[in-house]
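> Structure here, sequence nowhere to be found:
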């Protein structure tokens, strides 16, 4: 990111001086011109302030509130998903959302998604308490969840040919089962990622239906996290009228601030707030029909059998 670097004292000064502009933009999503009129500054000045402050928010908050996952963080997530949502051996809930942006210059159709607007993608792994554990921001809107996930730095560092946590038996069983992420139909079924059974095959199968219910119950934390993000930072309710690099800075800052608020509020969440804003603000990714390997099918069957005991 080509953003200006500041010393610690300068950051505090800049934050205090431009707090109103930054807060108003992220909280309301007002246009740069509207904010410029309100604070009697130039439009280009507002644009520069927003980019610089969002970048500094990321630089200063992410080491504390969105750090690289450690073994302890993964274990806490597994314990939380088992106790709170009844899904053992779950590392996190994963999903991707389209964030509207203005048409980037000379980009062709790279950012044009199947929803018929230009977008960048926010791919996130969320813990059982609605906090972002991993975010990947800025992928082309035309790409699918699976493609973005498998090309992300997170996948290359933690998953590709590696094991985050060793396999362990599900409660009350003896056979070791891998730790997995849980996602929707936008992801391909893998040994490290569980997705629901197709609707056509589960209608008359109680076993598959129970598995889908358990997975949906645990997976909704990522949907709720996106909903909280959109309700708190309403810049996501409209197209972000900046260049792509600045849009990435804005999304990164909002994700850090989301975690900061959730931690300060002791991970509290009101169930009635879930998902209503997500549908309007952040659009779902397209489902995938990729073939599944036998090992992944067997692991899903083990989870399904466990949930039906």
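Now that the structure is in, tell me what you want to look at. These numbers come from a predicted model, not from an experiment.
> from here on, contacts and neighbour counts on C-alpha atoms
Will do.
> where are the low-confidence patches of this structure?
Scanning the chain for pLDDT under 70 picks out the ranges 1-23, 141, 145, 267-292.
> Nearest to the spatial middle of it, which residue is it?
In the chain, the residue lying closest to the centroid (Cα atoms, centre = their mean) is residue 124, at 2.3 Å.
> right, and the helix or strand after the helix or strand where it lies?
Element membership of residue 124 [criterion: DSSP states H and E] is strand 119-126. As assigned by DSSP H and E, the chain's next helix or strand after strand 119-126 is strand 132-140.
> Adjacent strands (with direction) for that next one?
Strand 132-140 has these partner strands in its sheet, going by DSSP bridges: strand 119-126 (antiparallel).
> In the stretch 51-200 of the chain, mark out all the helices, start to finish.
71-85, 145-150, 153-154, 199-202 (DSSP state H, counting those that start in this stretch).
> And for the stretch 201-309 of the chain?
In the stretch 201-309 of the chain, helices defined by DSSP H, counting those that start in this stretch lie at 206-232, 244-264, 276-281, 294-307, listed in chain order.
> on contacts alone, who are the packing partners of the longest one?
The one in question is helix 206-232. Packing partners of helix 206-232 (3 or more Cα pairs under 8 Å, 6 or more residues apart in numbering; DSSP states H and E): helix 71-85, strand 90-100, strand 119-126, helix 199-202, helix 244-264, helix 276-281, helix 294-307.
> gap between the third one and the chain center?
Same thing as strand 119-126. Strand 119-126 has its C-alpha centroid displaced from the chain centroid by 5 Å (Cα atoms, centre = their mean, to the nearest Å).
> and that strand with helix 206-232, angle?
Comparing the axes of strand 119-126 and helix 206-232 via axes from the mean of the first three to the mean of the last three Cα atoms, to 10 degrees yields an angle of 120 degrees.
> Contacts for strand 119-126, please.
Outside strand 119-126, the residues that touch it by Cα atoms under 8 Å, 6 or more residues apart in numbering are 92-102, 111-113, 132-141, 145, 148-149, 221-222, 225, 244.
> relative to helix 71-85, how tilted is that strand?
Relative orientation of strand 119-126 versus helix 71-85 (the same axes, to 10 degrees): 80 degrees.
> With the longest one instead?
Inter-element angle recorded for helix 244-264 and helix 71-85: 70 degrees (by the same axes, to 10 degrees).
> in helix 244-264, what counts as buried?
Buried residues in helix 244-264, counting neighbours by 16 or more other Cα atoms under 10 Å, are found at 244, 246-260, 262.
> before we move on, what about the fourth one?
Of the residues in helix 199-202, residue 202 count as buried by neighbour count, 16+ other Cα under 10 Å.
> What lies in contact with it?
208-209.
> now with 10 Å?
Here helix 199-202 makes contact (Cα atoms under 10 Å, 6 or more residues apart in numbering) with 196, 208-212.
> Could you do stretch 71-81 as well?
With Cα under 10 Å, 6+ apart, stretch 71-81 has contacts from 67, 70, 82-83, 85-93, 126-129, 133, 164-165, 179-181, 218-219, 221.
> Tell me the buried residues in that stretch?
Within stretch 71-81, the residues scored as buried using 16+ other Cα under 10 Å are 74, 77-81.
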